[in-house]
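J.: Structure of the sequence below:
(chains A and B)
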Amino acid sequence: MKILTDAFNDLARKGVEKARARPFLKTVPHFLYQKREIGLASLPDVAEAHARGAGIRADVLDRLPELLEEFEKNAMANGAKVFWARTAEEANEYIVNLARERGAEFVIKGKSMVTEEIGLNDLLSENGIKPWECDLGEFIIQLMDSTPYHIIVPALNVTVEEIRDLFMAKAGMKEPTLDPVELGYAARLFLREKFHRAEFGVTGVNMAVAETGTIINLENEGNIRFAKSSPRTQVSVMTLEKVVPTMKDAMHIMRLLSRNCSGQKISAYVSMDSGPRKEGEIDGPDELVIVIIDNGRSRIYQDPQARGALRCIRCSACLNVCPVYRQIGGHAYGWIYSGPMGQVLMPPLLGLDRTQDIYRASTLCGACKSVCPAGIDHPGLFLYYRSLDVSADQEFRGKKRPWREALFFKLWALAVKNPWMWNSGISLTRPFINKNSHDGVMRRMTGAFGGWFKTRDLPPVARKTFHEKWKETKKKH
Amino acid sequence: MQSARDEILGRLKAARKTKPRDMPDVQQSRDPVQGKEEMIRAFTGMLRLETGIVHRVENSSRAKEKLTEIAKEEGLKRVMVSTDDVVAPLDLPAWGNSIGVQVMRSGDFAGRDDYKDAVFDIADAGITGADFAVAESGTLGLILDRDQPRLISLAPILHIAIVPVDRIFSVYEQVMERVFKKDTYPGQFVFITGPSMTGDIQGHLFKGIHGPRKVIVILVG
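T.: Numbering: from 1, shown residues only, chains lettered A, B, ... in the order given. As a prediction, this is how the structure comes out:
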């Protein structure tokens, strides 16, 4: 999949202008946010529950290597195979080879962000193994050859008209309809045959419980349960940070994840696998393979501050509440992750140089931080990434700034810390600055500061500043 | 060459440690319900919110009568049933014979493929017991094993679960303690709360996208 994070400005403009998506953008995130509020109200103390969620995620990061070892040991004792992959390529190669060895003609996939991240579908297709996305939203965007608009509701922006045409052309739908329920049933019929015949299933993982070696998936549709019940081989893909210490912790995160995601007390299905099917069981996989992927996480982990990005449990509460996401939608962010969670995760994953506008496209209002059940300080991370970027950080490939900009900010820092310099600077530069004032507002400026004024206005410098007036007043009396 | 595993774990271990933080323990849900009748009421209310249908009967012969009613209402002709400790004693094949419903069990099939054909394409409903129920959210808990095959509660468009009332617990943690107490854990354990559903087409919620469109629970006792 092509990564377009460096085209943020153009994509954001397109996102704002795309008329068809606007009605959904104006309603669905708000609706999900309201549902979340109602769902959270069933907890005795929301702040306390979120504090515990944040505590669990902090604890996970504190003990990440030890918990992973414990998880691996217990998962293997349960009869699962565990494969470690440094990179997306290693993971893809392993899964594709396994599918080939097992003679799989096609693969059914449960909804999973990590397999989007590693681009597994492309590799499978290139090797003649058809991947079928079986979550309805993922199925729609797969047929459209598109990317998730929202991490939980991937096809949020697609209209019923588009879905009708898509299903008529590619999903064997017989009669055209605009009824969402009828469209859903058409997808049911089409995918049912895949579930029935599948011999190879791929899923993600919401939580991997160290204490028991169990993997847990939350879902509403049942596609993940099918992928874990019908095929002979089950491959469940997780990144390092999905591990949680105990089953008790997992139950708490489950409550928070369901509520923060969709306002439900619990997802319709929560399935927990401890090894493959046992002797004498007629369904379930003969083999359960758990693929643990690093793909940049251990590098992020080296930096104690950036490490906070790994707390994310992918609930999407921060997307729904974000004033920027609510305007531009999910495609503006240029890759599979969007909204504030994407803005904290993508820069260290892809490099600060490739994500320049991603961690700057924020009002720093902190709405994301206020709703996060995992205790992520999104605005703090945005500022941190910006500081790494301007200081040309090696590890995360900061880009540094042009010398003129760097010099300007050096002088600026000097001036704002020194009253004399500030006041004389203002009176010296006032005539040049105020040249750009029209009707009492500066809306644009030529030259080096033009970019700043593209999206901002400023009142002109007063003919007399407060300090100047104060001096005059003192003289008079 | 160092294995991927050792390399990844090595890098994580080499990273600077952060100090363990406070982790407040919290009450699991608002006023966890206690007492049999209160838990039954809470379970029923919660499941109905998720469009589940809940009946309560006194004993297992009444449960079979209720099944007969449901079979008529839903026009069931062929059902797949589990053989777990709730369903097996009901002798559903005999019940089916008496009312003209064909009752299939996973053991009736020569192999996995035949069984899959039946559960996907032939069964009008799946009838199972449940090992647990949770009042907190109207949730069923099923240990999936040789007597509780995974697809029976998933593939047919209707799922009917028979649940003795003494299997209802207040919160998930009580269930997990019981499922994960032994040395060998079930291959799969699942929490089911209402029917299969989605909101993926323009946020329009509807039931039965892949799994059951309807879930009927018969509480016994």
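
J.: alpha carbons only for contacts and neighbour counts from here, please
T.: Noted.

J.: Strands along the chain, start to end?
T.: Here I'm looking at chain A. For chain A, the strands defined by DSSP state E occupy A:81-85, A:106-109, A:130-133, A:200-203, A:207-209, A:214-219, A:233-239, A:243-244, A:269-273, A:287-293, A:437-438, A:441-442.

J.: Not quite, go with chain B.
T.: Applying DSSP E to chain B gives strands spanning B:53-57, B:78-81, B:102-105, B:125-129, B:132-134, B:139-144, B:158-164, B:168-169, B:188-192, B:197-198, B:206-207, B:214-220.

J.: thinking A:Leu240 is in contact with A:Val291, fair?
T.: No - applying Cα atoms under 8 Å as the test, A:Leu240 and A:Val291 come out as separate, 9.7 Å apart.

J.: between the strands of chain A, which one is nearest to A:Cys365?
T.: Shortest distance between A:Cys365 and the strands of chain A, using Cα to Cα, is found for strand A:441-442: 24.3 Å.

J.: what's in contact with the lowest-mean-pLDDT helix or strand in chain B?
T.: One helix or strand of chain B scores below all others by mean pLDDT, DSSP states H and E: strand B:206-207, with a mean of 91. Residues external to strand B:206-207 that are found in contact with it (Cα atoms under 8 Å, 6 or more residues apart in numbering or on different chains): A:181, B:195-199, B:213-214.

J.: Return the closest of those residues with respect to A:Lys417.
T.: A:Lys417 lies nearest to B:Gly199 out of these, by Cα to Cα, at 53.9 Å.

J.: Around that closest one, how many other residues sit close by?
T.: Burial of B:Gly199, expressed as a neighbour count using other Cα atoms under 10 Å in any protein chain shown, amounts to 23.

J.: For the residue lying closest to it once chain neighbours are set aside, the count of nearby residues, please.
T.: Sequence neighbours aside, B:Leu205 is the residue nearest to B:Gly199 in space, at 4.3 Å (criterion: Cα to Cα, 6 or more residues apart in numbering or on different chains). Neighbour count for B:Leu205, taken as other Cα under 10 Å: 13.

J.: what about chain B, any weak spots by pLDDT?
T.: Judged against pLDDT under 70, the low-scoring parts of chain B cover residues B:1, B:19-31.

J.: Check the stretch 1-150 of chain A too.
T.: Those would be none, if you go by pLDDT under 70 across the stretch 1-150 of chain A.

J.: Can you name the residues of it sitting close to chain B?
T.: The stretch 1-150 of chain A has residues A:24, A:28, A:42-44, A:48-49, A:51-52, A:55-56, A:58-59, A:62, A:64-65, A:78, A:84-86, A:136-137 near chain B, with proximity defined as Cα under 8 Å from any Cα of the partner chain.

J.: which two from the contacts of strand B:206-207 end up farthest apart in space?
T.: Farthest apart among the contacts of strand B:206-207 by Cα to Cα are B:Gly199 and B:Lys214. That separation is 16.4 Å.

J.: hmm, back to that, what's the closest of the strands of chain B to A:Ile152?
T.: strand B:197-198 (10.9 Å).

J.: what sits up against that closest one?
T.: Among residues not part of strand B:197-198, those counted as contacts by Cα under 8 Å, 6+ apart are A:136, A:220-222, A:268, B:204-210, B:213.

J.: What's the nearest residue in the stretch 301-450 of chain A when you look at chain B?
T.: Relative to chain B, the nearest point of the stretch 301-450 of chain A is A:Gln302 (4.9 Å; Cα to the nearest Cα).

J.: Not including adjacent chain positions, what is the nearest residue to that residue?
T.: With sequence-adjacent residues excluded and distances taken as Cα to Cα, 6+ apart, A:Gln302 is closest to B:Ala15, at 4.9 Å.

J.: contacting residues around that neighbour?
T.: Applying Cα under 8 Å, 6+ apart, the residues near B:Ala15 are A:301-303.

J.: So which of those residues belong to helices?
T.: Among the contacts of B:Ala15, the members found in helices (DSSP state H) are A:301-302.

J.: just the buried members of the contacts of B:Ala15?
T.: Among these, those scoring as buried are A:301-302 (criterion: 16 or more other Cα atoms under 10 Å in any protein chain shown).

J.: okay, the contacts of B:Ala15 in CSV with pLDDT and distance to A:Arg255 next?
T.: Conversion of these to CSV gives the following (pLDDT from 0 to 100; distance: Cα to Cα, whole Å):
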residue, pLDDT, distance to A:Arg255
A:Tyr301, 97, 26
A:Gln302, 96, 30
A:Asp303, 95, 30
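
J.: Please check the contacts of strand B:197-198 and keep the buried ones.
T.: Neighbour-count burial (16+ other Cα under 10 Å) is assigned, among the contacts of strand B:197-198, to A:136, A:220-222, A:268, B:206-210, B:213.
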